[in-house]
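K.L.:
no sequence for this one, just the structure:
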């Protein structure tokens, strides 16, 4: 029956390419087509049965890289985890392909292609999409119901890493810590610091998706497991969690204060030998990255791979949540510059919050001035 066929979406501005892929796949797949990126993006939201996307890298308007970035940053799990195959041509540079791989492309297929090649990719990645969907339905399993202790963390982490290795996916691990908690423990009761840690734990849990797990392993330290998540996306998640924590204000004995979140990140995405790596190995790497974050001003999200190349009324603690001020956002903008650097390179300027632009303009202008002078010197040297 046709209803049992996997659904594939082809996004390409070439009617010839769309018709060609439809012809190759129509016997075994239901093929939807879109002539530009915006239409493809809308179709992904309108049709939850889509299990694979072919996207042309070069299209007017919302090109393939920008559409891929939207997909990976989507708040909808089935879209964010969607396998995406980039259609490339001889005009596409290796740098552009590397950028797509960093953003989260599942694979590449070059024009001209034949029927067997298209079918092979379609079968492989629709199977992967089905397995990811099954994993994300209940990744924690019944054993985790209501329990967040160390044993269940290890069980869940091992399962997520095994799944990533078996299905050409990725898993990322965050180690996070509240740096101020040790000093607060010396000045206040353990009851006070316990309430702060519990509040942050609940905030982190509510900020994550259902298929992600946060476990408190110490007074103010947490492990966060992000299944089917590349390092690039995990870094964005970490930056979002840091912002959420900064918005919480605690009142202790009449004194108001805010806490920060230091974060270390490790991922199968960057593993040198992922086949022989275990969940605990990635935990060690994330913990080492966290240590560097704790030793750095403003506690930026630190990636392990970068190290080798940032209350209730009667409660003793009252909690106040407020929006971060513009000045606070600007103070932290340079720390999170990496989050927006890809958007700048891709020309997706609308992804950069207005409050960040002022801070970003000055260093970018200095770089442009430096590049202009360097180019002039090179031209003068060549002429002489």
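P.N.:
That came through, no problem. These numbers were taken from a predicted model, which means no experiment stands behind them. Residues are numbered from 1 along each chain as shown.

K.L.:
pLDDT of stretch 32-44, averaged?
P.N.:
Across stretch 32-44, the average pLDDT comes to 95.

K.L.:
err, stretch 369-384, not the other one
P.N.:
The model assigns stretch 369-384 a mean pLDDT of 71.

K.L.:
Start the count at 446 instead of 1 going forward.
P.N.:
Will do, 446 is the new start, and the previous item becomes stretch 814-829.

K.L.:
what's the offset of it from the middle of its chain?
P.N.:
Computed by C-alpha atoms, centre = their mean, to the nearest Å, the chain-centroid distance of stretch 814-829 equals 38 Å.

K.L.:
what residues are up against the residue minimising distance to the centre of the chain?
P.N.:
Nearest to the mean C-alpha position of the chain, counting by C-alpha atoms, centre = their mean, stands residue 678 at 1.1 Å. For residue 678, the contact set (C-beta atoms under 8 Å, 6 or more residues apart in numbering) comprises 517-518, 525, 549, 617, 671. In this view, the C-beta of every residue, glycine as well, is placed from N, C-alpha and C.

K.L.:
Same list, these, but as a markdown table with pLDDT, neighbour count and distance to residue 817 please.
P.N.:
Listed next are these as a markdown table, based on pLDDT from 0 to 100; neighbours: other C-beta atoms under 10 Å; distance: C-beta to C-beta, whole Å:
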| residue | pLDDT | neighbour count | distance to residue 817 |
| --- | --- | --- | --- |
| 517 | 83 | 20 | 34 |
| 518 | 81 | 17 | 33 |
| 525 | 81 | 18 | 39 |
| 549 | 77 | 23 | 34 |
| 617 | 94 | 30 | 38 |
| 671 | 93 | 25 | 41 |
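
K.L.:
pLDDT score assigned to the closest residue to residue 739 other than its chain neighbours?
P.N.:
Nearest residue to residue 739, sequence neighbours excluded (C-beta to C-beta, 6 or more residues apart in numbering): residue 707, at 4.9 Å. On the pLDDT scale, residue 707 is placed at 95.

K.L.:
where do the strands sit along this protein?
P.N.:
Listed in chain order, the strands of the chain (DSSP state E) span 452-456, 475-479, 495-501, 529-533, 552-555, 617-622, 658-661, 666-671, 693-697, 700-703, 707-712, 746-748, 762-766.

K.L.:
that older thread, closest to residue 493 among the contacts of residue 678?
P.N.:
Comparing the contacts of residue 678 against residue 493 with C-beta to C-beta places residue 525 closest, at 12.9 Å.

K.L.:
Spatially nearest residue to that closest one (excluding sequence neighbours)?
P.N.:
In this structure, residue 525 finds its nearest non-sequential neighbour in residue 519, 4.5 Å apart by C-beta to C-beta, 6+ apart.

K.L.:
Kindly list the main-chain dihedrals of that neighbour?
P.N.:
Here the main-chain torsion angles of residue 519 (degrees, to the nearest 10) amount to phi -60, psi 150.

K.L.:
Can you name the two of the contacts of residue 678 that sit furthest apart?
P.N.:
Most distant of the contacts of residue 678, by C-beta to C-beta, are 518 and 617, 14.5 Å apart.

K.L.:
circling back to that earlier point, how many neighbours does the residue nearest to residue 525 have?
P.N.:
Counted with other C-beta atoms under 10 Å, the neighbours of residue 519 add up to 16.

K.L.:
what about it, distance to residue 481?
P.N.:
Look at residue 519 and residue 481: by C-beta to C-beta, to the nearest Å, they are 18 Å apart.

K.L.:
got the end-to-end distance for stretch 493-506?
P.N.:
Chord length of stretch 493-506, first to last residue, is 24 Å (C-alpha to C-alpha, to the nearest Å).

K.L.:
Rounded mean pLDDT for that stretch, please.
P.N.:
92.

K.L.:
what do you get for stretch 658-670?
P.N.:
pLDDT averaged over stretch 658-670 gives 88.

K.L.:
How far away from the center of its chain is it?
P.N.:
In terms of C-alpha atoms, centre = their mean, the centre of stretch 658-670 is found 19 Å from the chain centre.

K.L.:
Which positions in that stretch come out as buried?
P.N.:
By 16 or more other C-beta atoms under 10 Å, the buried positions in stretch 658-670 come out as 658-662, 664-670.

K.L.:
Residues contacting that stretch, please?
P.N.:
584-585, 589, 593-595, 597-598, 601-602, 605, 616-623, 626-627, 630, 638-639, 641-642, 645-646, 649-650, 653, 657, 686, 728, 731.

K.L.:
Can you get me the start-to-end distance on it?
P.N.:
5 Å.

K.L.:
hmm, who's touching stretch 467-487?
P.N.:
By C-beta under 8 Å, 6+ apart, stretch 467-487 touches 447, 450-458, 460, 463, 466, 488, 492, 494-495, 498, 500, 504-509, 511-512, 515-516, 560, 563-564, 567-568, 571.

K.L.:
Tell me which entries of those residues lie within helices.
P.N.:
Under the assignment DSSP state H, these contribute 460, 463, 466, 488, 509, 511-512, 515-516, 560, 563-564, 567-568, 571 to helices.

K.L.:
ok, those residues vs residue 825, which is closest?
P.N.:
Nearest member of the ones in helices among the contacts of stretch 467-487 to residue 825, counting by C-beta to C-beta, is residue 511, at 37.4 Å.

K.L.:
how about the strands of the chain in a markdown table, adding distance to residue 820?
P.N.:
What follows is the strands of the chain, written out as a markdown table (distance: least, C-beta to C-beta, whole Å):
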| stretch | distance to residue 820 |
| --- | --- |
| strand 452-456 | 37 |
| strand 475-479 | 40 |
| strand 495-501 | 32 |
| strand 529-533 | 29 |
| strand 552-555 | 32 |
| strand 617-622 | 38 |
| strand 658-661 | 48 |
| strand 666-671 | 41 |
| strand 693-697 | 47 |
| strand 700-703 | 45 |
| strand 707-712 | 36 |
| strand 746-748 | 32 |
| strand 762-766 | 49 |
